[in-house]
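> got a predicted structure plus its sequence, pasted below:
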Amino acid sequence: MLLFHLSHTDLDGYGCQLLTKEFFVKGFFYNANYGLEVKLNLNKILDKIKENIEEEILFIISDLNLTPNEAKDLDKQISLLNGEGAKIKLQLLDHHITGEKSAAKYDWYYLDITRCATKIVYDYLYEEYEGFSEQDNSWIKPMVDAINAVDIWLEHETKNFEFGKVLMRLVTQAGEINNILFSAENRNYRMWLLKKASQYINEPDGNIILDDNIHFLKKEYLTLDNKNNTIDNLSARYLVQTLENKKEQLTIFYKEHKGLLTFTLGSISISANAFLKANPEYDFFIDVSRRGGISLRADGQLDVSAMAQKLANGGGHPNAAGAKFDDFPETVIYEDVKKFIEEKLKRIK
């Protein structure tokens with residue numbers, strides 16, 4: 001069985017995926033906030049499912065309520081695929097009352113407002129697939145209880161609630177790896193932190209011990225060469241290494257010049273210059289913001305101020321410039337951004 005799992009972007013959402021990743025091991029994972037992000041990710045998942053249509057597929061959506069239109073469209077798409085011979089089991093597991101209308105209409109839409117989504121997924125894995133081993137459950141069950149306590153605000157469960165509060169901050173502030181450009185890497189980072197945090201959950205004052213150690217856990221993950229450094233420097237080096245690992249996927253061309261295109265990195269001066277020095281075959285670096293602002297960097301091989309002016313009436317300096325597109329599409333999908341920028345670059349004469 002091949003797993004596809006779309007979940008929310010908070011502690012409860014990642015808690016759901018921590019469970020399915022531990023249980024199924026392999027699968028395709030996606031995260032979305034509400035609105036456009038849900039629609040875009042559903043389309044992306046359906047395209048990926050079609051590439052694996054010969055497989056038996058379990059498609060889980062957790063900690064997200066679908067609007068009636070979203071639910072109707074998804075039900076239609078899955079029904080069409082199954083009608084053509086696909087074997088897709090769709091299961092939504094949620095606890096938000098705003099999904100009540102959709103839940104009343106579709107049997108795949110499970111709603112229970114008394115439990116957080118992580119606990120619903122945990123119980124679902126036991127009801128449908130026999131759950132976890134005793135050894136795994138020794139840390140998984142306490143983790144689920146802590147997430148449940150803080151997500152639905154059970155203050156009377158003092159131990160679980162206080163530990164859950166630290167977990168919430170742990171996940172919310174795990175921003176050292178960009179969650180849009182490097183969604184898989186960011187997701188793995190957050191789930192690694194959650195699993196590491198489980199080591200403290202049964203300790204006396206485990207919430208305080210975890211709170212004291214968050215900084216060191218982050219540094220442990222981000223350290224690439226066993227050399228200690230500040231978390232800012234470790235993060236910057238990790239970023240450059242990740243960019244190098246994905247540079248073929250992120251490469252664009254402007255005339256005879258080779259460049260790297262990123263999305264939502266922000267504050268790129270240090271990372272862009274470090275990447276360009278480590279990869280001299282690249283002449284420029286572009287980062288695009290969610291609103292269509294662009295930052296350009298170079299290392300003496302291309303005048304990016306002229307490039308910015310031609311792209312979107314921007315400007316700046318030969319090695320550092322910026323601009324803003326008025327017609328930039330609303331998206332969180334890197335491939336959409338790349339297509340947009342490549343079209344703009346092709347039009348420059």
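Perfect, thanks for sending it. Residues are numbered from 1 along each chain as shown.
> now do the same contact list for the closest residue to Ile268 other than its chain neighbours.
In space, and not counting its chain neighbours, Ile268 is closest to Asp287: 4.6 Å by CB to CB, 6 or more residues apart in numbering. Backbone N, C-alpha and C define where each C-beta goes, glycine included. Going by CB atoms under 8 Å, 6 or more residues apart in numbering, Asp287 touches Leu261, Thr262, Phe263, Thr264, Leu265, Gly266, Ile268, Ala272, Ile294, Ser295.
> of these, buried ones?
The neighbour count (16 or more other CB atoms under 10 Å) marks Leu261, Thr262, Phe263, Leu265, Ile268, Ala272, Ile294, Ser295 as buried among the contacts of Asp287.
> farthest-separated two in the residues you listed?
Phe263 and Ala272 (13.4 Å; CB to CB).
> buried residues, stretch 127-140. List them.
Gly131, Phe132, Trp139, Ile140.
> how about those residues in TSV, adding pLDDT, distance to Gln199 and secondary structure?
As requested, these are exported to TSV (pLDDT from 0 to 100; distance: CB to CB, whole Å; DSSP: H, G, I helix; E, B strand; the rest coil):
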residue	pLDDT	distance to Gln199	secondary structure
Gly131	94	21	coil
Phe132	96	17	coil
Trp139	96	8	helix
Ile140	97	13	helix
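> where in the stretch 51-200 of the chain is pLDDT low?
Judged against pLDDT under 70, the stretch 51-200 of the chain has no low-scoring part.
> now do the strands in it.
Remark: strands assigned in the stretch 51-200 of the chain by DSSP state E, counting those that start in this stretch are 56-62, 87-94, 109-111.
> just name the most buried of the ones you listed.
When the strands of the stretch 51-200 of the chain are scored by mean count of other CB atoms under 10 Å, the highest mean neighbour count falls to strand 56-62 (a mean of 22).
> would you agree Ala272 is in contact with Asp283?
No. Between Ala272 and Asp283 there is no contact under CB atoms under 8 Å: 11.8 Å.
> circling back to that earlier point, what about the buried ones among the contacts of Asp287, which are in helices?
Mapping the buried ones among the contacts of Asp287 onto helices (DSSP state H) picks out Ala272.
> for the buried ones among the contacts of Asp287, which one is nearest Asp112?
Phe263 (36.3 Å).
> mind listing what that closest one touches?
Phe263 neighbours (CB under 8 Å, 6+ apart): Ile180, Leu181, Asp287, Val288, Tyr334, Val337.
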